[in-house]
Structure formats: structure tokens, C-alpha cells
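A.B. asks: Just need the structure, nothing else, for what follows:
(one chain, ligands or ions: 2)
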Amino acid sequence: MTSSFPASTVLGYPRIGPDRELKRALEAYWEGRSDRAALEEVARRLREDTWRRLAELGLGGSPSNTFSYYDHVLDTAVLLGAVPERYRHDDDLTAYFAMARGAEGLPPLRMTKWFDTNYHYIVPEIGPETVFSLDAAKPLSEVREARALGLETRPVLVGPVTFLLLSQAAAGSPDGFAPLDRLDDVVEVYGRLLGALAAEGVGWVQLDEPALVADRTPAELAAVEAAYGRLGGLAERPALLVAAYFGDLGEALPVLARTPVEAVALDLVRGTPGDVGLLAGKTVVAGVVSGRDVWRTDRDRALATLRAVRERVGRVAVATSCSLLHVPYDVERETGLDPALRGRLAFAEQKVAEVVGLAHLLVERPGADVPRLSAPQARPSTSGARVTETRAPEGGRAPYAVRAAAQAERLKLPLLPVTTIGSFPQTEELRRARAALAAGEIGEAAYEDMVRAEIEHVIAVQERLGLDVLVHGEPERNDMVQYFAEHLDGFAVTRHGWVQSYGSRCTRPPILHGDVRRPEPMTVRWARYAQSLTSRPVKGMLTGPVTIVAWSFVRDDLPLRDVVLQVADAVREEVRDLEEAGIGVIQVDEPALRELLPLRRAGQAAYLEWAVAAYRWATSGAGDHTQIHTHLCYSDADQILAAIDALDADVTSVESARSRGRVLAVMASGVAGGDGRGFGRGLGPGVYDIHSPRVPGADEVERLLEEALRVVPADRLWVNPDCGLKTRSHEQVEAALANVAEAAARLRERHTTR
Ligand code: GLN
Ligand code: ZN
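C.D. replies: Residues are numbered from 1 along each chain as shown. Ligands and ions are numbered 1, 2, ... in the order given. You can find the predicted model right below:
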């Protein structure tokens, strides 16, 4: 059965295309500008290019089935036949995209973050009645496609335990049902898939089980042992590699060790070899090249780790720590970067070369001294001391009641004030102008005229619709993190460094490589201009320190906490300058607060403590009469409510339109404050789902607000959408906000005449 595992491999590869070819092809298909054949051709070419490139770079074993039209978890649901009834359609691609994006009258499946990354997966729905059936078309066709190019590949699949742990119980499932209850049925389908792959002549299959690096119950660990015992016991199957990444396997390692799987992939960047000796007899696929950052690998250290592991287990292959999905394609294209910085960077291609190089060193020169292949990495001087000595965690603001009174006096807002989360639609015109500015085709002044015109428009719209706290609309921002990175020292931005966020959506994470400083104000003139156009308060908009760091590639020579505190310093200065410019409301967004939460409970309290301290440092310089808002979304806010409460913002807006009151219920229940009184400051549960083109009616919004009023007192309830409006059209936004304002007005009427 077993061919030996190749000496080098990667656990996965980017799939969006070096120039986001897949994004363009998908969007053309969705908009009806192209057909299925055209989409399939782009996809086929991207896969082919990837396999050829990996082979050229000398990689020993290439993965397949890492391509996806939208998301690999959704692909797994399809593979298992777990397509909820309401999405079924004669055309499989139509059903697939309906699950991912919704369709006429049909909301999509939920989407959430893949572990502690900024990649979002589609959450499968599994119930007691879900009928599983094997649809092996995708992995089989990818194997055949690569073979036609003369290449053998290793299909990659989300493993059965992780798949079920990431799924949610289908609506109507009985209390106490968990998708993992269906493990036996799912494993049976995986078994048949392994049979089909074996029949196809596939030598190795990779089953991804990142869920095993988080805390797992004894029952869950028993499920792992049962699943892999059963799959390992099949007579007709390829050899099995179980890949667990993003941390330490911990107590799951001995469990996997007892199963008959042939190989285990360990993340030796974020995790340690631990009890790796227990894996003797299996191949250890040693993830020593990080798939999560963009730094060159320290070869000496990686080799030392590889040798130490080999000594304890015998068979070692060199690999990336996880899929390379989370890094851009090729740093060589970043000709605009400072060459000294570029020399320290490795994107996917460079990481593959590193893996290959390490594998050569490991086999060719066993025991020999490691030749130094590159000069030691020059790191910028650290300033940890600067950070820790100047930051007291507590801010100097008065208690909420005092602040609320000062703010009421200054802002004179009505009951149920209406506001938005910051961005207004980004027009195609603005995007083009920004590109033209970057290309030097138009001047700064022409661009800024456009930004100002857009601010004028957005302020006029908000006044016309009767909003109470206005925003300038963020027209100058390409992205809520990149904009700040471009204005702070210590960051570099890339031109082509796209990373998939979800579906066709990509971001270009900035690279935080040095000490962060704010050379000059970043947002003040736009806020000041907007405020000059209206007598209503304009809200200044900033991204919080945790989010700026979470959505960047971060230097690894300082503790994350210290890096975040440096950014908090810069935000604090910006808050002060906004305040001085007369801005009375300032929102500091932290949508990524939840994302950096350590996967294991042991590290969570410490993280939340410093993350909250950083936020408070960023905002607590504001006077009591300045109203601080924060905004969280995408982030399963209900899991970290106490921390959100501890941010001590005067007003918190949270995504909630899609969560059917769940966030609201928890926030109001007293869990948040931990004192039985619930969330004690201003709260704006979103009443307009901006992820959908749908325009909610005034009645619907009114109903949502009435629900909210059952748990939030009227004098603390805010009325706002779920998130920024930048992905919507001006028409949708104006229609929706008109209804939101109308609903607020009706309720206000009733509450004041009562
Ligand atoms: N202020 C940002 C916006 O409105 C917030 C975006 C977000 O929360 N993701 O676009
Ligand atoms: Zn948001």
C-alpha cells in the first residue's frame, strides 16, 4: 500500500491566481458576463499553473483538491452530499453558489472565520436527518487533471472530525444534537472516498484536522481515535496523512499516534515537537516553514528542529506549517518594496523554495554542519522598553454616567439616535481614481477633489435622510487597515500581495516590519472637512490597534502585545488630534478582536487582557465629553462579551441582523458585565444586514428595534446597520437608511409621547 512520503511538500497553495484571475472569472460568471465553460477554463489553468510551478521549484509532493470555487469547507459539504434541501438545484454550480452567496429569496449559509485566520469558511448545516452520499467528482478530477500533466498529487480534504466540529446543527435539530453525533455516517462516506481514490491509484491522501490544536473534550478525542482507527483499518485505501496546524496537537498527539495513519503533519512554527517520539514508526511531516507569515525561514533553526524530530521518529518530511493559502504568491513581483525589506520576505513561491532547500540539506548532508545560506537576518532595533514603560493599562476617563451626562449636554442627540458604521459605497469612479493616482496618471489634488466631492455627497444624503450622527463615508480608504498602514511608519504595503479572505474577496495585508510611529495626523482633515459641512455631529473613524495588527503580516521579533501597543500609541495620538479638531464622536473599530483569541483556553484570558488594555490606551486619552464608539462584526461577539464590555466604549455597535437576536440576548442578559446588570452603556445592534443586497422595510426594522427595546433601555439604544456600507450601492443604501430612519422616528414618537 504505502509508497514512502515525499521528502518535501506544502499542505496547500493559494488558489485565487497571482493576478486574482479566479476573482475576475467568478465575478464575470455571477454577473452573467461569462458562462460556466469560461469559468472552468480559468480554474483549470490556475490549477495547471500551480502544479507545474511546484514541480519546477523541485517540490517532492504536490497537493491537489486545494483549488476551490469558493471555499474548501463548502467543497467538503458537497463531497459528502450535505447540501441542505433548500439549496438543491439541477445545476450543481447554481446550488453551490446559492449556499455560498444566497439566491433570490434564499439567504446563504452562515460564514465565519477559519480558526484564527482572516479566511472565512461557509458553515455547513448538519442535522440528524442529513443524508450523506459520496460525490467524489472534484478530488478525482483534480487527480486526473494533474496526471494528464504527468504529475502525481496528494488530494487534500478537510478531515471528518474538523468538518463536523466546524458545522452547525441544522435548524430544527433536537436539543443536545451536535453534528459530531453523525461521525459514524460521515466516516463511512470518507471510507468510500478513500476506496475510490485507491482505485484511481492515489498513493497518499491528506486529511486536515486543525480542530485538533484547540482544547478538545475526551469524547471528541475518542471520536478522533475511532474515526482514524476505522479509516486506517480499511483494506483498500491510500496512505493517510493527518495534518493538524495552527498550534500544538497536545493531548491529541498520543491519540493520533495510536491510530494506524501513516503520517502526521505538525505545525512546528506555532507548535513544538512535544511528544513527537510517540509518532515513531510514522512519517512526521514537519511544518518548519510558516504558512502564516511572510518572513524568510531561519534555516539553522529549522534544520535543528528537523534533525531533532528525525532523531526521535526516524522518518521526516519537510513542509510548510499549514496551507500557503494565507500568504501571497510571489515576493519577486514587489519591485516597489525597499530591497532590504524584500530580502527578508518570503511569499508562497519563496516558501516552496525554502522547503525544497531544507529537504536537500536534511538528506544530503546528514549530520554535517549547516552551511549558512544567507546572511543573518538584520532586524530593526526593537523598542519593547519604550512600549512597556509608557503604558499604564487604565485610562483616565470618568465613569460612564459622568461621561454620558457630559456627552448628552454637548451632542444633544434625540432618543434612539441613528448612525452608520463608517463607510459609504465605494464608487467605481473612486477606485479608478485611486488606481490612476497610484499609477501617476492623475495628481494628488485632482484625487482629493474627488474625495471631497464624495464627502459632500455623503453628508448631504445623511442630512436628507435625517441621520443623527453623521460619517464622512471613508471615501479616501481603500481598506480599513491598509489606509492606516500607508500613513504609519513601520508598515510597508504590497502591490500584488493578495490573500483570499472569502470567495472572490481578497485583501492585501500590509507588512508591519518595524517600529510603528505616526508621523502626522491620518484622518483629521477629512473629518474636519465633513464636520465643516454640517451642524450635526460627525463621527471620526479609526481602526483599532488589534484589528490593524490582526489584518497585517506582523514582525515576529517582538511579542504581539508590544506591537499592538505601539499601534495603540499611534491611534491614541490620532484620537487626540481629532478631538482637538472639534470632533465630538470618535469610533475606533475592533472587528478583529475575537480573531486573535488564542485557540486554546489557557492563553485566552491573558490575550483579552492586553488586547483590552491596548484599546483603552488608544481611546482613554479622550475627554469625558467626547463620545467613543466601537464596532465589532464577523466575530462571534457573544464569545467575548466581557472583553467588549471592558473596552469601556460609550457606544458599541455589533453585527446582529443575521444572528436572530442571539447577540442581543447575551448582551442584555448580564453575562457581559459579569455583574448581572448586562451591558451598561450605549448599544447598537445592527438592524440592516449589509452583506445582502436586500433592502429591509421600515416595518421590519421597527420590529427589530422593538425586540431590542425589550432588553436595552430606550435611552441607551442606538440605531445602525450591521457594518460599513462600502460593498453596497448608493441606491440600496439610501433606500435602506431611509427605512431605518423612518423606523427610528416612529419608535421615538411612541416613546416620547408615552
Ligand atoms: N468603519 C468600517 C466601515 O464602515 C468598519 C468595517 C468593519 O467593521 N469591517 O467600513
Ligand atoms: Zn463591521
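A.B. asks: Around the residue of the stretch 501-650 of the chain found nearest ligand 1, count how many other residues there are.
C.D. replies: At 4.0 Å from ligand 1, Pro591 is the closest residue in the stretch 501-650 of the chain, using Cβ to the nearest ligand atom. All C-beta spots, glycine's among them, are computed from the backbone N, C-alpha and C. With neighbours defined by other Cβ atoms under 10 Å, the count for Pro591 comes to 25.
A.B. asks: helix, strand or coil for it?
C.D. replies: Secondary structure for Pro591, judged by DSSP: H, G, I helix; E, B strand; the rest coil, is coil.
A.B. asks: and Ala592, how many neighbours does it have?
C.D. replies: Neighbourhood size, Ala592 [other Cβ under 10 Å]: 25.
A.B. asks: now do Tyr228
C.D. replies: 24.
A.B. asks: Which helix or which strand is home to it?
C.D. replies: helix 218-232 (DSSP states H and E).
A.B. asks: what are the pairing partners of the helix or strand just after that helix, and which direction each?
C.D. replies: On the C-terminal side of helix 218-232, the closest following helix or strand by DSSP H and E is strand 239-244. Pairing partners of strand 239-244, with direction, according to DSSP bridges: strand 204-208 (parallel), strand 263-267 (parallel).
A.B. asks: Below-threshold pLDDT in this structure: ranges please.
C.D. replies: 1-2, 364-395, 634-639, 658-662, 668-678, 753-754 (pLDDT under 70).
A.B. asks: and it, which of its residues are near ligand 1?
C.D. replies: 421-423, 474, 480, 541, 589, 591, 631, 633, 723-724, 726 (Cβ under 6 Å from any ligand atom).
A.B. asks: The one residue in the stretch 301-450 of the chain that gets nearest to ligand 2: neighbour count?
C.D. replies: With Cβ to the ion, the shortest gap between the stretch 301-450 of the chain and ligand 2 falls at Ile421, namely 5.7 Å. By other Cβ under 10 Å, the residues close to Ile421 number 27.
A.B. asks: Check Gly191 too.
C.D. replies: Counted with other Cβ under 10 Å, Gly191 comes out at 19.
A.B. asks: show me what contacts it?
C.D. replies: Taking Cβ atoms under 8 Å, 6 or more residues apart in numbering, we find Gly191 in contact with 230-231, 234, 237.
A.B. asks: Select only the buried ones of the residues you listed in PyMOL?
C.D. replies: To isolate the buried ones among the contacts of Gly191 in PyMOL, judged by 16 or more other Cβ atoms under 10 Å, type:
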select buried, resi 230+231+234+237
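A.B. asks: is it true that Leu221 touches Pro254?
C.D. replies: No: Leu221 is beyond contact range of Pro254, at 9.2 Å (criterion: Cβ atoms under 8 Å).
A.B. asks: Ramachandran angles for Leu183?
C.D. replies: phi -60, psi -40 (degrees, to the nearest 10).
A.B. asks: wouldn't it be in contact with Leu164 here?
C.D. replies: Yes: taking contacts as Cβ under 8 Å, Leu183 lies within contact range of Leu164: 6.1 Å.
A.B. asks: Between the two, point out the one with more neighbours.
C.D. replies: Leu164 (25 against 21).
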